[in-house]
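**Q** Here is my input; please provide its structure:
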Amino acid sequence: MIVAAAITILGIAIGIGVTQYRGLRMGGVIVVPLLAVYSLYSFEALPLFLVTATLAYCLVGLIRRHTLIYGRQLLLVSLAAGALGPVTLALVFNRWAILGSTVELAFTGTILPGIAAYNYHKLDPEDRRLDLLVSAGLFVGLVAIAAALVSPTLATHLRSSLTSILFTPASDIAQYRNAVAGSVPTTTTIARVWMLCLFLGGLVLSELAHARWGVRLGGLIAIPLLVALSIANAWTLGVFLAGVVVVYASITAINAVTLIYGRVLLSLSVVTTMLYGVLVAAVVPVSVGFALYFTVLLAGISAYNIHRVAPAERLESAALGAALYALLLSGTRTFVEPRGTGILTTVSAIEFAVLLGAVLLGIYCAHRLETRRQPIANYHTRQVLA
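**A** As a prediction, this is how the structure comes out:
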């Protein structure tokens, strides 16, 4: 965890500087650092990413030439195009195991290529080659630093929770450097079909809420990923909620003092959440593998999205997010048996009451948002008819 977090923080910090002084996107805030981490964990990840990202970029370019999509619609199309390659590998050629678990596939196999394709299409054509070269240089530098840090000496001086990613037996760089420490990482137990249904359902519901009321539910697929993680490990929900609070408080203070916003504030959210993850791993050794890494990453992105919501609608946004989590968790639990360490292994009356309460609160908040929206919609309708 500690080396993966350090590489992520370093990559984000360099990305902030490049963004501020050169205006480049470098494929997105988390793309290069996360790709560097996972390429060291699985050497097959890099060629898979390159092929998938290239395919996504070409598909999005083709679609843009024949349509007028932009903004959020372009992002959704890019994510769908980025997911096409890995999903085809998983369903047709049965190569899901390339990325270990379904959550790892979602992060590194589908999200990253789509985000990279979206960001490169947002750049001016004359800046794309420079952006690609800078991104490649940063990737090589991060890989070299991380490979040097993953050493037998460091492996013997770190507790198992801090060596939970790049030092594990499943890590290719640990095997290559003879620096294996810790146990085999856990993976999600959700079958590929149910995982895809979970992602699709969460994506559609999140986008409907954003399109109708303008609220963000923690990110496009943050809640479905949290459901998948908590089905395998119940502690992820508590770590996620605490992380959202910590990161939200931190970036709110940073924004108030410095007026930093946008991509830089998102980058600082990721840096803060990585530091929080290292602290959790050092104090409470709860995780092996990528579970903690992905959990805190989701917490940071969700905290940033909550911060972007208008203050008057943050309560509704949080309530709708909780309701969506409760619905997706209940639906997933109907078809998937959680592992012994997962959430809802046995559904108690208290757990049922909490889930029902979250859904009812979400319905109430949706009603409030719809009540606010209706007069505005009626006004615009009268203006059009007039």
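**Q** what distance separates whatever helix or strand Val32 lives in from the centre of its chain?
**A** Val32 is part of helix 31-41 when elements are defined by DSSP states H and E. Its chain's C-alpha centre and that of helix 31-41 lie 14 Å apart, by CA atoms, centre = their mean, to the nearest Å.
**Q** Just list the residues touching Ile69, thanks.
**A** By CB atoms under 8 Å, 6 or more residues apart in numbering, the contact list for Ile69 reads Ile63, Val77. C-betas here are computed from N, CA, C, even on glycine.
**Q** tell me the secondary structure for it?
**A** coil (DSSP: H, G, I helix; E, B strand; the rest coil).
**Q** And the longest helix along the chain, what does it pack against?
**A** Ranked by number of residues, the top helix in the chain under DSSP state H is helix 349-385. Contact partners of helix 349-385 among helices and strands, from 3 or more CB pairs under 8 Å, 6 or more residues apart in numbering; DSSP states H and E: helix 192-213, helix 314-335.
**Q** Can you name the secondary structure element that comes next after the helix holding Val32?
**A** helix 45-66.
**Q** For that following helix, what is the distance to the chain centroid?
**A** 19 Å.
**Q** For that helix, name the packing helices and strands.
**A** Helix 45-66 packs on helix 31-41, helix 71-91, helix 112-122, going by 3+ CB pairs under 8 Å, 6+ apart.
**Q** name the element the residue lying closest to Val264 once chain neighbours are set aside belongs to?
**A** Nearest residue to Val264, sequence neighbours excluded (CB to CB, 6 or more residues apart in numbering): Ile16, at 5.6 Å. Ile16 is located in helix 2-22, with elements delineated by DSSP H and E.
**Q** swap in Leu297?
**A** Going by DSSP H and E, Leu297 is in helix 291-308.
**Q** relative to helix 192-213, how tilted is that helix?
**A** 10 degrees (axes from the mean of the first three to the mean of the last three CA atoms, to 10 degrees).
**Q** switch to numbering from 557
**A** In the new numbering, first residue 557, that becomes helix 847-864.
**Q** what about helix 847-864, average pLDDT?
**A** What helix 847-864 shows for mean pLDDT is 89.
**Q** Could I have the CA atoms of it written out in PDB?
**A** Provided in PDB are the C-alpha atoms of helix 847-864 (Å, rounded to 0.1, in the frame of the first residue of the first chain):
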ATOM      1  CA  ALA A 847      -9.200  -3.300  -1.700                       C
ATOM      2  CA  LEU A 848      -8.000  -0.500   0.600                       C
ATOM      3  CA  TYR A 849      -6.400   1.400  -2.300                       C
ATOM      4  CA  PHE A 850      -9.600   1.400  -4.300                       C
ATOM      5  CA  THR A 851     -11.700   2.200  -1.300                       C
ATOM      6  CA  VAL A 852      -9.900   5.300  -0.400                       C
ATOM      7  CA  LEU A 853      -9.600   6.300  -4.000                       C
ATOM      8  CA  LEU A 854     -13.400   6.200  -4.300                       C
ATOM      9  CA  ALA A 855     -13.700   8.100  -1.000                       C
ATOM     10  CA  GLY A 856     -11.500  10.900  -2.400                       C
ATOM     11  CA  ILE A 857     -13.400  11.200  -5.700                       C
ATOM     12  CA  SER A 858     -16.800  11.000  -4.000                       C
ATOM     13  CA  ALA A 859     -15.800  13.800  -1.500                       C
ATOM     14  CA  TYR A 860     -14.700  16.000  -4.400                       C
ATOM     15  CA  ASN A 861     -18.000  15.400  -6.200                       C
ATOM     16  CA  ILE A 862     -20.000  16.200  -3.100                       C
ATOM     17  CA  HIS A 863     -18.000  19.400  -2.800                       C
ATOM     18  CA  ARG A 864     -19.000  20.300  -6.300                       C
END
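**Q** which secondary structure elements does it contact?
**A** helix 658-660, helix 778-788, helix 791-814, helix 818-839, helix 870-891.
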